[in-house]
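S.K.: structure, please.
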Amino acid sequence: MANARRPADPPPPGHTSGDPARRENRIVLDVAIGYLDDQIKELLIQDPEVRTGSPEAVHDMRSATRRLRSALEIYGHLFEASPRRILGHELKWLAKALGRSRDAEVVRERLRDRIEELPAKWRTEVLVESLERGLGDALDAGHRRVGKTLKSRRYRRLLEDLERFRDDPPAREPARRPAGTEVAASVNDQARIVDRAYRAMVRTEPGHDRDVALHRLRKDTKRLLHAAESAAGIHSKRAATLARRARRLQKILGNHQDSVMTRAFLASLVAEPSLREDARHACEKILKREEGIARSAARQYARARRTSGALRLHR
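M.R.: Model prediction:
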């Protein structure tokens, strides 16, 4: 398996060089495999940095893993079902292994910001130590899990399977269709999934059900972003516009999901009998702040949808 190196000025995901005539003659399989190839290279680039414990590398590897899973879903109809599903399952396993460490890092940074917002009397050493200790334990456990994962035979087999899928894709007949129309159709299919998830979210009551619906909408919006990225080499300007709109919406939903994780950690900490009362009161204040952020997420998303323009790749 060749070692990949980061280029000095890497192209955006889904970018395709070459003249317009060559792009016009491409088939949809070229686009799907090109996007997969970009993400496999990114995964290999981040591998050594992840092994050293770099939080940003963990984030970037996790993002590449998610993009790989997205591509297998967005362009799933191009491939034989069994190998695609097996690969998707293994990528989900890798993303989960990377997730514990990254999520703990996100919550720690978020709580550091929330502590700075508290009145000075609440910013005690006991509070900071309680939060850092709990998240430090989660980070350590996450780092150990990542290290174990990257040393495993299962991970090595996944890398080999990804390269085999890329180099000899189990393509079906639709994969030979012209890229322009087929890519736009696949992107717009994902946009319709986002629309359905949005309508479902609006129908839910605030609270746990709304949080779950927003999480579903976040994942679908992220996949739409990945779909738009994959179309960059075929529908460059229109894909860039759609990606920008999806990224704006995704930022709102990502902030909500970070709040969900932060609230879960705080709730577990507040429930500990050994936590001092002053620290408990401070945690409860932060919880209320995060609950307010979560309540406003649906309204923020709705406003952004009204002003963002159509979530479609017009042909």
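
S.K.: where along the stretch 1-150 of the chain do the helices fall?
M.R.: For the stretch 1-150 of the chain, helices defined by DSSP state H, counting those that start in this stretch occupy the ranges 20-24, 28-51, 55-74, 81-117, 125-150.

S.K.: nope, the stretch 201-315 of the chain is what I meant
M.R.: Counting by DSSP H, counting those that start in this stretch, the helices of the stretch 201-315 of the chain are 208-230, 236-270, 277-308.

S.K.: winner for burial among those?
M.R.: helix 208-230 (a mean of 22; mean count of other Cβ atoms under 10 Å). Every residue, glycine included, has its C-beta placed from N, CA and C.

S.K.: which strands and helices lie in contact with it?
M.R.: helix 28-51, helix 55-74, helix 179-202, helix 236-270, helix 277-308 (3 or more Cβ pairs under 8 Å, 6 or more residues apart in numbering; DSSP states H and E).

S.K.: make a markdown table from the ones you listed and add distance to residue 131 and mean pLDDT to it.
M.R.: Formatted as a markdown table, the helices and strands packed on helix 208-230 follow (distance: least, Cβ to Cβ, whole Å; pLDDT from 0 to 100):
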| stretch | distance to residue 131 | mean pLDDT |
| --- | --- | --- |
| helix 28-51 | 25 | 97 |
| helix 55-74 | 17 | 96 |
| helix 179-202 | 31 | 96 |
| helix 236-270 | 7 | 95 |
| helix 277-308 | 8 | 91 |
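
S.K.: can you say which of the ones you listed is nearest to residue 127?
M.R.: Of all these, it is helix 277-308 that lies closest to residue 127, at 4.5 Å by Cβ to Cβ.

S.K.: and the angle from the closest one to helix 81-117?
M.R.: Between helix 277-308 and helix 81-117, the angle comes out at 120 degrees (axes from the mean of the first three to the mean of the last three Cα atoms, to 10 degrees).

S.K.: and residue 145, what does it touch?
M.R.: By Cβ atoms under 8 Å, 6 or more residues apart in numbering, residue 145 lies in contact with 97, 100, 101.

S.K.: surely the first one meets residue 147?
M.R.: No. With contact defined as Cβ atoms under 8 Å, residue 97 and residue 147 do not form a contacting pair (9.8 Å).

S.K.: which of those two has more residues huddled nearby?
M.R.: Neighbours per residue, other Cβ atoms under 10 Å: of residue 97 and residue 147, the larger number sits with residue 97, 22 against 15.

S.K.: from residue 78, how far out is that one?
M.R.: Separation of residue 97 from residue 78 (Cβ to Cβ, to the nearest Å): 28 Å.

S.K.: swap in residue 245?
M.R.: Taking Cβ to Cβ, one finds residue 245 at 25 Å from residue 78.

S.K.: likewise for residue 144?
M.R.: 38 Å.

S.K.: ok, residue 180 next?
M.R.: For residue 180, the distance to residue 78 - Cβ to Cβ - is 15 Å.

S.K.: of these two, who's got more company?
M.R.: residue 78 (26 against 18).
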